[in-house]
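1. here's a sequence, model it:
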Amino acid sequence: MELSSFKKWIDPALRAMPPKRMILIGIILIMIIMLIAIPVSNRWMYPLKYEEDILNSAKQYKISPFLVMAVIRVETKFDPSKISHANAQGLMQITPGTVDTVIQSAPFSPAVRDQIGDPKMNIQIGTWYLAYLIKEFNGNEVVAVAAYNAGPNKVKSWLKDKKWDGTLQNAHHIEYSETRKYVQKVMGYYGKYKSVYGYLVEN
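-> Here you go, the predicted model:
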């Protein structure tokens, strides 16, 4: 196509376009809308409740609050009224066996048995137990999450028998399908909550 013919074809299209200033304003408006819409969308997809209790308990027991958020999201979606078939209760689904472990090993009195349904106490107990498991498994959060679901003795047997190496990458080797999915979901939400709510934690 000759240059003159090309100009005849393109000139009307260029004249029909809005002025450069209007284009620039439009681009800026789109960027502003995206900056507002994306955080709102993220908070809708990854809701958060009881953040003050989570942050306080996580700080007290020296673990990531985002891991606690992820566990609560997978366990109950922040619904404190949930009770499982195994009689696990509250936001972090604390079982009677976990309560026994907490009373025996932590500075909690037997009176907490009657407070499991209280969100603040449930978060405190669940966070302590999660921190306990992380310490029990030498800082491995992935293994601790598996133990939170399947129990520490079962997870220890998997590791001892080399059925699983304790990594997220090889979580598909976890013997229980429920625990396998649980670990993958929790660790996935862990990253999402950290990304969306990272501003809540002081650097």
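
2. where does this protein dip in pLDDT?
-> 1-44, 203 (pLDDT under 70).

3. spatially central residue in it, please.
-> Nearest residue to the geometric centre of the chain (CA atoms, centre = their mean): A70, 2.7 Å.

4. what's the following helix or strand after the one helix or strand it maps to?
-> In the assignment (DSSP states H and E), A70 maps to helix 65-76. Downstream of helix 65-76, the first helix or strand assigned by DSSP H and E is helix 96-105.

5. for that following helix, the distance to its chain's centre please.
-> How far helix 96-105 lies from its chain's middle: 25 Å, per CA atoms, centre = their mean, to the nearest Å.

6. and it, what's buried?
-> T98, V99, T101, V102, I103 (16 or more other CB atoms under 10 Å). For the C-beta atoms, the positions are set from N, CA and C on the backbone; glycine is no exception.

7. picking up where we left off before, show me the contact partners of the helix holding A70.
-> 46, 48, 50-51, 54-55, 57-59, 78, 82, 90-93, 123, 126-127, 130, 141, 145, 148, 182, 185-190, 192-194, 197-198, 200-201 (CB atoms under 8 Å, 6 or more residues apart in numbering).

8. what of stretch 184-195?
-> Outside stretch 184-195, the residues touching it (CB under 8 Å, 6+ apart) are 42, 45-46, 48, 64, 66-67, 69-71, 73-74, 141-142, 145, 168, 171.

9. are any of those residues buried, and if so which?
-> Buried among these by 16+ other CB under 10 Å: 46, 48, 64, 66-67, 69-71, 73-74, 141-142, 145, 168, 171.
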